[in-house]
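**Student:** how would this look folded up:
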Amino acid sequence: MSEDMSDGTPQFQNSVDVKLDYLQRDMREIKGDIKDIKNDFINRREFTEGLNEVRNQIAPIRKALYWAAAVVGASILGALLRLVIQ
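**Tutor:** Sure thing, here's the model as predicted:
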């Protein structure tokens, strides 16, 4: 360890202080990022409520599609039975 001639403290103390400053600045930045992530994060309850709302909105469309598929299937089945009977 070489000593600084001006104040008698070890020279590596300055590099430790500089590294400590970098670490403290990085920690503040990480804490800010974590706060941003927490603010943007939606919890399970909010997600479930949103999902249920979307499901309720598309429920009539699903029912209409099921009815349309049933009608098409019944008409195809009727046409096949008509061909078989003739």
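**Student:** Do a quick rundown of the helices in this protein.
**Tutor:** Secondary structure of the chain (DSSP state H): helices at 12-40, 44-85.
**Student:** need the helix or strand of the chain with the lowest average pLDDT.
**Tutor:** helix 12-40 (a mean of 87; mean pLDDT, DSSP states H and E).
**Student:** returning to that earlier point: would you mind putting the helices of the chain into a markdown table with mean neighbour count alongside?
**Tutor:** In short, each C-beta sits where N, CA and C put it, glycine included. Below are those laid out as a markdown table (neighbours: other C-beta atoms under 10 Å):
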| stretch | mean neighbour count |
| --- | --- |
| helix 12-40 | 10 |
| helix 44-85 | 10 |
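**Student:** How far away from the center of its chain is stretch 55-64?
**Tutor:** Distance of stretch 55-64 from its chain centroid, counting by C-alpha atoms, centre = their mean, to the nearest Å, is 25 Å.
**Student:** Same question for stretch 54-65.
**Tutor:** Chain-centre distance of stretch 54-65: 25 Å, with C-alpha atoms, centre = their mean.
**Student:** tell me the mean pLDDT for that stretch?
**Tutor:** Per-residue pLDDT over stretch 54-65 has a mean of 95.
**Student:** contact partners of it?
**Tutor:** For stretch 54-65, contacts defined as C-beta atoms under 8 Å, 6 or more residues apart in numbering pick out no residues.
**Student:** repeat for stretch 19-39
**Tutor:** Residues outside stretch 19-39 that contact it (C-beta under 8 Å, 6+ apart): none.
**Student:** tell me the centre residue of the chain?
**Tutor:** When C-alpha atoms, centre = their mean is applied to the chain, the residue found nearest the centroid is residue 41 (7.5 Å).
**Student:** Roughly how far does that one sit from residue 29?
**Tutor:** Distance, residue 41 to residue 29, by C-beta to C-beta, to the nearest Å: 19 Å.
**Student:** With residue 82 instead?
**Tutor:** Residue 82 sits 75 Å away from residue 29, taking C-beta to C-beta as the criterion.
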